[in-house]
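# Have a look at this prediction, sequence included:
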Amino acid sequence: PDACTFPSAGVADCEGNQSAGVSNADVPVGNAPAVNVPNPSTINVQNLTIGITPAGGTGGIVFIDQRAGGTAGSIAGIPTSYTINFDTVGNPQSTTTTNAPAISVSTAGGSSGDDSINGDDGGDTVIVVQPGPITTTGPNAQGITITSLGGAGADGNSHSTSSGGNGSQGGNGGAITITNYSVITTSGNGSQGIAANTAGAIGGQGGSSDTKAGGSGALGGNGGTITITNNGAITTSGNNSQGILATTSGAAGGKGGDSNDAGPGDGPPGGVGGAITITNNAAITTSGDASQGILAQSFGGLGPNGG
């Protein structure tokens, strides 16, 4: 496979032979070339000379937010928005995967380790998939799947002779925008044609106190907005394999801190789910159990929960 090039900071162009797949991870996924550009925020997969057919269990295009698993506010220079352009106009090439999504983008904000710092928001993601058939086999092998998760807030400190500390807020899920022109076919269970999930993270709990008031819990993060425009036919045959699945959810607020002698801390409201807009301009066919053509869900988080 050909190496990707980097025409400008944060941008990778992957052209020619990318048959083993493309990944932005520091370590290659399967035999795919790693896109080792500092903190990439844009990957252009274009002008392919052969289809993408990675080894079984390996995704075709895999984009992973490098903040995932980090601590909120501790990683400077990591982008908070991402763009994937998969453009095969004029020379359509197929993408075929087994036991893995064809296109997968996962972003996650860092969790807070300090009650003075809120959890990071998940990354905003924009993806445009131009013509070129996508086919997956095996379970949990979506055609396109995008996930954006906020990072958890930190719990407030507990004290013996002073009030409990307040928790810090959970991060929000990022906004997701998907425009698809590809024909997508999946055959495994849990293999949606297009899946988008954005979720806020739980707020930190208030700290407890032996002699003073307990600290307040923090707000749960909100789910981001989801906008999907589909222009390609989608066919799924597995169970729990919607043609298009969109889920946005707010998280629970943190529990207020306990107190032995004074009042407990307040429990704030949970976060809210974001707005979902789906525009479908092509046929969607599903044949498995619990496999709606389009399923859109927006949930709020639990709250309040006082000490």
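Received, thanks. Numbers count the residues shown, from 1 in each chain.
# Return the residues in contact with the nearest residue to Gly123 once chain neighbours are set aside.
Nearest residue to Gly123 in three dimensions, chain neighbours excluded: Thr107, at 3.3 Å (CB to CB, 6 or more residues apart in numbering). Every residue, glycine included, has its C-beta placed from N, CA and C. For Thr107, the contact set (CB atoms under 8 Å, 6 or more residues apart in numbering) comprises Asp65, Arg67, Ala68, Tyr82, Gly122, Gly123, Thr125, Thr147, Ser148, Leu149, Gly174.
# so is Thr107 in a helix, a strand, or just coil?
Under DSSP: H, G, I helix; E, B strand; the rest coil, the three-state class of Thr107 is strand.
# Tell me the confidence at it?
Note for Thr107: predicted pLDDT of 87.
# Look up how far Thr135 lies from it.
26 Å (CB to CB, to the nearest Å).
# Which positions are bridged to the residue nearest to Gly123 in the beta structure?
Beta bridges link Thr107 to Ser148, judged by DSSP bridges.
# By neighbour count, which of the contacts of Thr107 wins?
Gly122 (33 neighbours; other CB atoms under 10 Å).
# how far away is Ala246 from Thr229?
In terms of CB to CB, Ala246 sits 12 Å off from Thr229.
# and what of Leu245?
15 Å.
# higher neighbour count, those two?
Set side by side, Leu245 and Thr229 show more neighbours around Leu245, with 22 against 15, by other CB under 10 Å.
# show me the contacts for the more buried one.
Gln192, Ile194, Ala195, Ala196, Leu295.
# Among these, which ones are in strands?
Ile194, Ala195, Ala196, Leu295 (DSSP state E).
# so the last one makes contact with Thr236?
No. Taking contact to mean CB atoms under 8 Å, the distance of 11.8 Å between Leu295 and Thr236 leaves them out of contact.
# Between the two, which has more neighbouring residues?
For Leu295 and Thr236, the more surrounded residue by other CB under 10 Å is Thr236, and the numbers stand at 30 against 16.
# isn't that one right up against Ala290?
No. Thr236 is not in contact with Ala290 according to CB under 8 Å; the separation is 11.2 Å.
# Spatially nearest residue to Asn99, not counting backbone neighbours?
Per CB to CB, 6+ apart, closest to Asn99 is Gly138, 3.6 Å.
# Now list whatever residues contact both of Leu295 and Thr236.
Gln242.
# Farthest from the middle of the protein: give me that residue.
Asp261 (43.3 Å; CA atoms, centre = their mean).
# Which members of the contacts of Thr107 occur in strands, if any?
Per DSSP E, those map to strands at Tyr82, Thr125, Thr147, Ser148, Leu149.
# and the residue lying closest to Thr161 once chain neighbours are set aside, how many neighbours does it have?
Spatial nearest neighbour of Thr161, chain neighbours left out: Thr211 (5.6 Å); criterion: CB to CB, 6+ apart. Number of residues near Thr211 (other CB under 10 Å) recorded here: 13.
# State the helix or strand in which Thr211 lies.
Assessed by DSSP states H and E, Thr211 sits outside every helix and strand.
# For Gly267, see how far away it is.
Taken as CB to CB, the span from Thr211 to Gly267 is 21 Å.
# Which of the three states applies to the closest residue to Gln297 other than its chain neighbours?
Distance criterion CB to CB, 6+ apart; nearest residue to Gln297, sequence neighbours excluded, is Thr247 at 4.7 Å. Three-state call for Thr247 (three-state DSSP): strand.
# ok, Thr247 - contacts?
Applying CB under 8 Å, 6+ apart, we find Thr247 in contact with Ala196, Asn197, Thr198, Ala199, Gly223, Ala296, Gln297, Ser298, Phe299.
# Any idea what it is bridged to?
The partner residues for Thr247, given DSSP bridges, come to Asn197, Gln297.
# any idea how far it is from Leu149?
Per CB to CB, Thr247 is found 12 Å from Leu149.
# Mutual contacts of those two, please.
Joint contacts of Thr247 and Leu149 (CB under 8 Å, 6+ apart) are Thr198, Ala199.
# next one: phi and psi at Ala20?
phi -80, psi -10 (degrees, to the nearest 10).
# Over to Thr277?
phi -130, psi 120.
# Go ahead and confirm it touches Thr227.
Yes. At 4.8 Å, Thr277 and Thr227 qualify as touching, with contact defined as CB under 8 Å.
# In terms of packing, which of those two has more residues around it?
It is Thr227, of Thr277 and Thr227, that has more neighbours when counted by other CB under 10 Å, with 18 against 12.
# Next, the contact list for Asp155, please.
By CB under 8 Å, 6+ apart, the neighbours of Asp155 are Asp115, Gly167, Gly204, Gln205, Gly206, Gly207, Gly254.
# Appreciated, that's everything.
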